[in-house]
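Asks: Let's see this in three dimensions:
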Amino acid sequence: MFFLPTSKKEVEALGWNELDVILFTGDAYVDHPSFGAAVIGRVLEADGFRVAIVPQPNWRDDLRDFRKLGAPRLFFGISGGCMDSMVSHYTANKRLRSDDAYTAGNIAGFRPDDAVTVYSRILKKLFPETPVIIGGIEASLRRLTHYDYWRDTLKPSILLESHADLLAYGMGEHVIRKIAHYLQEGRTISELTDVPQTAYLTDNFIPSQTGEVDAMLHSYEDCKKDKRKFAENFCRIETESNKIHAARLIEPIAGKCTVVNPPEYRTGESDADFAFDLPYTRLPHPRYKGKQIPAFEMIKFSVNIHRGCFGGCSFCTISAHQGKFITSRSERSILNEVRQIMQMPDFKGYLSDLGGPSANMYRMKGRDAGLCSKCSRYSCIYPKLCKNLDNTHSSLLELYTKVRNMEGIKKVFIGSGIRYDLFMDAKGFLSREHARYFGELLQHHVSGRLKVAPEHCSPHVLKAMRKPGFDLFMKMKEEFDRIDRSKNLRQQLVPYFISSHPGCSETDMRQLAGAMQQIRFNRLEQVQDFTPTPMTLSSVMFYCGFDPYTGKKLFVSRKKEEKLKQKDVLLGKILF
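Replies: Here you go, the predicted structure:
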């Protein structure tokens, strides 16, 4: 196995005199299935394309990093990295961070603000005839008009500002293959207007002639003038994104239109296995000379078993990017990856995670696919569990057992967050199987601390967050304590909370602090100050000051001092 080339010298060593695709990323190059640029590169390589990766190019010098490999035969691909570049750079209070987990040495400053836009503009200026395709989470969540928290304004589709030719949103390994093959066959980038899961700008929009549904949105300019129109846009966008058969979205902007083609519905195990089964080295590129990359260190002994999340939390970007529907890997693929990890020289027998966006959604789907095809709910579990959801944990239990019984495995931890509303309600466990799941989780898969996310205790704040009631957390804690005592596990329950979420006041935080003290959580360590990120319900509520679905006004903490005070109340820095 070898790394994809990152320099002219490495390209020449492979005997290549031309590249088909060059990928630019805001992250260091780690050849691992958890890093987007590596996945896209390996997927294209598997189809016979010659691919190079330029990680963290210098945008402040003479642009030699952008010039060094010349122009590819097919296209440039751009991603800001595994995290949005603005989230990477700034705290919730807009303070510049001093570190970057996706950079060798954990050093900040190796990517620009708005990395996708900066990279794309440079490439379009240097190589105006070569197509530029943007993707990854930064581009994906900015495909339409969105609220930018760091500038406190509405911004247009990233396609307008980046000058890119095409945007691939969501998990892009399948759509990028289609695009590459279409260009290989001789189609021009301007002709690729019918590719699912892509967006493009056009000044010559033609309504669908094939019977497909078009959803006309308010223009960017109208949204800037009227918050209610922006809120209406969000509701339509979210509703369509939760459908199996979605409409094409059309948003006028600056005399043009942003067109977003519907996503591709893929939930087969072979669809998920394909990208994970490719020949990754599973290591950082040698160019980093042994410097640690914290994001890699955190996941190098972990296994992702599925994608997507149907939780529908207001503040979360997972469903907007990965989709609501779960795409699970096969047991064969998962066990094979575990075997690969076991061959790593520094592996000591401990898997740090066997999970996903939510650890316990593996292989979950609707019992009747026909009902799912008619559904547009944002969540399958909130405000109550969908009767059509098959929330059995049997496949997950079987997988846990097989992995922990593999020779060479000492312990399998579940580091991803669990959704306890999938196996219990305020009265207790939903079935014996669900009780068994929680029991096995605590006995075999917790590293001494189980992290859960009740987020708050106030009913109106939880409603704004789309999270279950606090009584459910209390019931889960009761069962946790019972099992912990009966098995003499001596484990700790660690709850996560969010401060300054829309709808939450200082009074609500004091209520939460009091509730925690009553149940003897006197030292809270997992408190996240809310950060509005593009394309989430919470960010729309933060900007608009009301719930876009009901029009009901919400209290919003906007000032830095207000936000810090809410967090300090819960951390005990401010006394009652």
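Asks: Touching, residue 378 and residue 466? I think so.
Replies: Yes: contact criterion Cβ atoms under 8 Å: residue 378 and residue 466 qualify, at 7.4 Å. C-beta: built from backbone N, CA, C; applies to glycine.
Asks: Need the nearest residue in space to residue 146, chain neighbours excluded.
Replies: Distances taken as Cβ to Cβ, 6 or more residues apart in numbering place residue 534 nearest to residue 146, at 3.9 Å, with adjacent residues excluded.
Asks: and the longest helix along the chain, what does it pack onto?
Replies: Longest helix in the chain, counting residues (DSSP state H): helix 470-486. For helix 470-486, the elements it packs on are strand 424-425, strand 428-429, helix 432-444, strand 449-455, strand 492-499, judged by 3 or more Cβ pairs under 8 Å, 6 or more residues apart in numbering; DSSP states H and E.
Asks: What are the buried residues along it?
Replies: 470, 472, 473, 475, 476, 477, 479, 480, 483, 484 (16 or more other Cβ atoms under 10 Å).
Asks: before we move on, the earlier item: let's have the helices and strands packed on helix 470-486 in CSV, adding mean pLDDT, distance to residue 104 and mean neighbour count.
Replies: Putting the helices and strands packed on helix 470-486 into CSV (pLDDT from 0 to 100; distance: least, Cβ to Cβ, whole Å; neighbours: other Cβ atoms under 10 Å) gives the following:
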stretch, mean pLDDT, distance to residue 104, mean neighbour count
strand 424-425, 96, 43, 18
strand 428-429, 98, 46, 16
helix 432-444, 97, 35, 17
strand 449-455, 93, 28, 20
strand 492-499, 93, 29, 19
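Asks: What are the buried residues along the helix or strand hosting residue 298?
Replies: Residue 298 belongs to helix 294-299 when assigned by DSSP states H and E. Within helix 294-299, the residues scored as buried using 16+ other Cβ under 10 Å are 295, 296, 299.
Asks: so can I have TSV of those showing distance to residue 338 and pLDDT?
Replies: Shown next, in TSV, are those (distance: Cβ to Cβ, whole Å; pLDDT from 0 to 100):
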residue	distance to residue 338	pLDDT
295	21	97
296	18	97
299	14	96
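Asks: can you redo those as JSON lines with distance to residue 518?
Replies: Formatted as JSON lines, the buried residues of helix 294-299 follow (distance: Cβ to Cβ, whole Å):
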{"residue": "295", "distance to residue 518": "37"}
{"residue": "296", "distance to residue 518": "41"}
{"residue": "299", "distance to residue 518": "37"}
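Asks: which of those residues lies closest to residue 513?
Replies: The shortest approach to residue 513 among the buried residues of helix 294-299 belongs to residue 295, at 32.2 Å (Cβ to Cβ).
Asks: which ones are touching the closest residue to residue 169 other than its chain neighbours?
Replies: In space, and not counting its chain neighbours, residue 169 is closest to residue 140: 4.1 Å by Cβ to Cβ, 6+ apart. Each residue near residue 140 by Cβ atoms under 8 Å, 6 or more residues apart in numbering is listed here: 167, 169, 170, 320, 321.
Asks: What's the per-residue pLDDT of the last one here?
Replies: In the predicted model, residue 321 carries a pLDDT score of 90.
Asks: List the contacts of the helix or strand containing it.
Replies: Per DSSP H and E, residue 321 falls inside helix 318-322. For helix 318-322, the surrounding residues in contact (Cβ under 8 Å, 6+ apart) are 137, 140-141, 169-171, 238, 241-242, 307-312, 357, 378, 535-536.
Asks: which stretches of the stretch 301-450 of the chain form helices?
Replies: Ranges of helices within the stretch 301-450 of the chain are 318-322, 331-342, 369-373, 394-404, 432-444, based on DSSP state H, counting those that start in this stretch.
Asks: Put together TSV for the ones you listed, with distance to residue 541 on each row.
Replies: Formatted as TSV, the helices of the stretch 301-450 of the chain follow (distance: least, Cβ to Cβ, whole Å):
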stretch	distance to residue 541
helix 318-322	15
helix 331-342	38
helix 369-373	28
helix 394-404	33
helix 432-444	33
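Asks: picking that back up, what does the longest helix of the chain rub up against?
Replies: Contacts of helix 470-486 (Cβ under 8 Å, 6+ apart): 420-421, 424-429, 438-439, 442-443, 450, 452, 454, 456-459, 462, 489-491, 493, 495, 515, 519.
Asks: and with 7 Å instead?
Replies: 420-421, 424-426, 428, 438-439, 442, 450, 452, 454, 457, 462, 491, 493 (Cβ atoms under 7 Å, 6 or more residues apart in numbering).
Asks: Let me know the closest of these to residue 181.
Replies: Relative to residue 181, the closest of the contacts of helix 470-486 is residue 421; by Cβ to Cβ it sits at 42.1 Å.
Asks: and the nearest residue to that closest one once chain neighbours are set aside, how many residues sit next to it?
Replies: Excluding its sequence neighbours, the residue lying closest to residue 421 (Cβ to Cβ, 6+ apart) is residue 468, at 4.6 Å. Per other Cβ atoms under 10 Å, the neighbour tally for residue 468 reads 24.
Asks: ditto for residue 352
Replies: For residue 352, using other Cβ under 10 Å, the count is 19.
Asks: residues contacting it?
Replies: Applying Cβ under 7 Å, 6+ apart to residue 352 gives the contacts 301, 302, 413, 415.
Asks: Report the separation between it and residue 454.
Replies: Per Cβ to Cβ, to the nearest Å, residue 352 is found 24 Å from residue 454.
Asks: just residue 535 next, same as before
Replies: 24 Å.
Asks: Same question for residue 396.
Replies: Per Cβ to Cβ, residue 396 is found 22 Å from residue 454.
Asks: ok, now residue 6?
Replies: With distances taken as Cβ to Cβ, residue 6 is found 44 Å from residue 454.
Asks: before we move on, the earlier item: just the residues contacting the helix holding residue 298, thanks.
Replies: Residues from elsewhere that reach helix 294-299 (Cβ under 7 Å, 6+ apart): 30, 32, 34, 82, 101, 102, 106, 284.
Asks: burial count for the third one?
Replies: Applying other Cβ under 10 Å, we find 19 residues neighbouring residue 34.
Asks: list the contacts for it?
Replies: Contact analysis of residue 34 by Cβ under 7 Å, 6+ apart lists 299, 304.
Asks: Next up, phi/psi of it, please.
Replies: Here is the backbone geometry of residue 34 (degrees, to the nearest 10): phi -90, psi 0.
Asks: Break this structure down into its structural domains.
Replies: The chain is divided into the following domains under automatic domain parsing: 8-260, 301-442, 448-576.
Asks: Turn those into a markdown table, including distance to residue 270.
Replies: Compiled in a markdown table, the domains of the chain are given as follows (distance: least, Cβ to Cβ, whole Å):
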| stretch | distance to residue 270 |
| --- | --- |
| domain 8-260 | 11 |
| domain 301-442 | 8 |
| domain 448-576 | 29 |
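Asks: circling back: quick check: which of the helices of the stretch 301-450 of the chain is nearest to residue 71?
Replies: Short answer: helix 318-322, nearest of the helices of the stretch 301-450 of the chain by Cβ to Cβ, at 29.5 Å.
Asks: Using CSV, write out every CA atom in the closest one.
Replies: The C-alpha trace of helix 318-322 is given here as CSV (Å, rounded to 0.1, in the frame of the first residue of the first chain):
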residue,chain,number,x,y,z
ILE,A,318,-25.4,15.6,10.9
SER,A,319,-28.7,15.0,9.3
ALA,A,320,-28.2,18.0,7.0
HIS,A,321,-24.9,16.6,5.8
GLN,A,322,-25.1,12.8,6.2
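Asks: how far does that helix sit from the chain's center?
Replies: Relative to its chain's centre, helix 318-322 lies at 6 Å (Cα atoms, centre = their mean, to the nearest Å).
Asks: and what of stretch 379-391?
Replies: With Cα atoms, centre = their mean, you get 21 Å for stretch 379-391.
Asks: And stretch 305-319, by the same measure?
Replies: 8 Å.
Asks: same thing with stretch 379-393?
Replies: Distance of stretch 379-393 from its chain centroid, counting by Cα atoms, centre = their mean, is 21 Å.
Asks: Since that was my last question, I'll sign off now.
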